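Undergrad: here is a sequence with its predicted model. Questions after.
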Amino acid sequence: MPIAVPIIAGTAIKGFVANIMMRGVMERHPNAFLVTLESLGLALPILHSQQHLYLDIQKGLDAQGRDWDAPLVLVGHSQGALAALRFTIDNPTQVLHVFSVGCPWQGSVTAAAAAARFRRLSGIDLTLGLRDMAPQSDFLASLHADLPSIATRVTNIYSTHEIFIRPYISAHIDTPGVSNVLIATRSEYARHLRTFPGLPIDELVQGRASHASEMSKAAVRSLIWTKVDELSEAFGE
């Protein structure tokens with residue numbers, strides 16, 4: 001049986017919408033299953049939602065007839081990518097590799113503004129998950145400090161057309177050992193290399209994708225499933 005692949009959706013992505021967004025990356029592999037963030041990734045801090053994430057992953061493994069400590073390849077999109085990276089740091093013996101897609105690594109100004117606006121209008125704070133995505137949040141500072149321990153097991157994929165991550169290079173993980181993959185046209189790629197020589201790209205996925213569509217790119221799916229097949233073969237699965 002190939003390695004299990006939990007796919008963690010991003011903020012406010014649940015139910016029918018989550019299945020539509022993730023269907024492209026899930027449909028090719030019978031051992032993938034969808035996980036959504038507790039409280040839609042809004043009310044709970046990302047650290048506090050990790051226990052819910054752990055339990056949901058265990059439910060997915062159980063549904064596939066696997067042991068609770070079965071090896072995993074995690075795929076996370078947007079806020080789900082932050083959660084996946086944190087989960088991998090905290091469970092390094094179980095997670096063999098993690099794909100972060102459209103990850104707000106340096107934070108999302110859009111998320112921070114949305115959280116602040118909601119607090120002003122409602123007088124209450126139900127956006128702690130969004131606040132964790134604000135640039136220079138305590139959560140991001142801790143994640144940046146801890147990531148080197150798993151860096152060689154991280155493939156980070158992002159696009160020049162990120163919608164909620166601006167500038168798009170805020171999705172680049174500048175930790176040594178991480179493999180960064182850019183979705184861009186040839187001209188955009190050349191401009192990236194000229195403008196950001198300190199942010200090298202390990203692989204180019206040629207084309208265009210927005211934050212909402214990058215998970216459906218055929219080349220992105222190929223990267224994920226090639227790694228899963230490679231690891232499954234190495235483990236004799």
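TA: Cool, got the structure.
Undergrad: how about H144, what does it touch?
TA: For H144, the contact set (Cβ atoms under 8 Å, 6 or more residues apart in numbering) comprises T175. The way it works is simple: take the backbone N, C-alpha and C, and place the C-beta from them, glycine included.
Undergrad: please give the element, helix or strand, for it.
TA: Secondary structure from DSSP states H and E places H144 in helix 138-146.
Undergrad: partner strands of the helix or strand following that helix, with direction?
TA: Next in sequence after helix 138-146, counting helices and strands by DSSP H and E, comes strand 154-159. Strands that pair with strand 154-159, judged by DSSP bridges, come out as strand 95-101 (parallel), strand 179-184 (parallel).
Undergrad: re the thing from before, next, the buried residues of the helix holding H144.
TA: The neighbour-count criterion (16 or more other Cβ atoms under 10 Å) identifies F139, L140, L143, H144 as the buried residues of helix 138-146.
Undergrad: L47 versus the first one, what's the distance?
TA: It stands for F139. Separation of F139 from L47 (Cβ to Cβ, to the nearest Å): 6 Å.
Undergrad: show me where this protein has its helices.
TA: Using DSSP state H, the helices of the chain run over 15-26, 46-63, 79-90, 109-122, 128-131, 138-146, 186-195, 218-234.
Undergrad: which one of those is the most hemmed in?
TA: Greatest average neighbour count among the helices of the chain goes to helix 79-90 (a mean of 25), per mean count of other Cβ atoms under 10 Å.
Undergrad: now it against helix 138-146, angle please.
TA: Computed by axes from the mean of the first three to the mean of the last three Cα atoms, to 10 degrees, the angle separating helix 79-90 from helix 138-146 equals 50 degrees.
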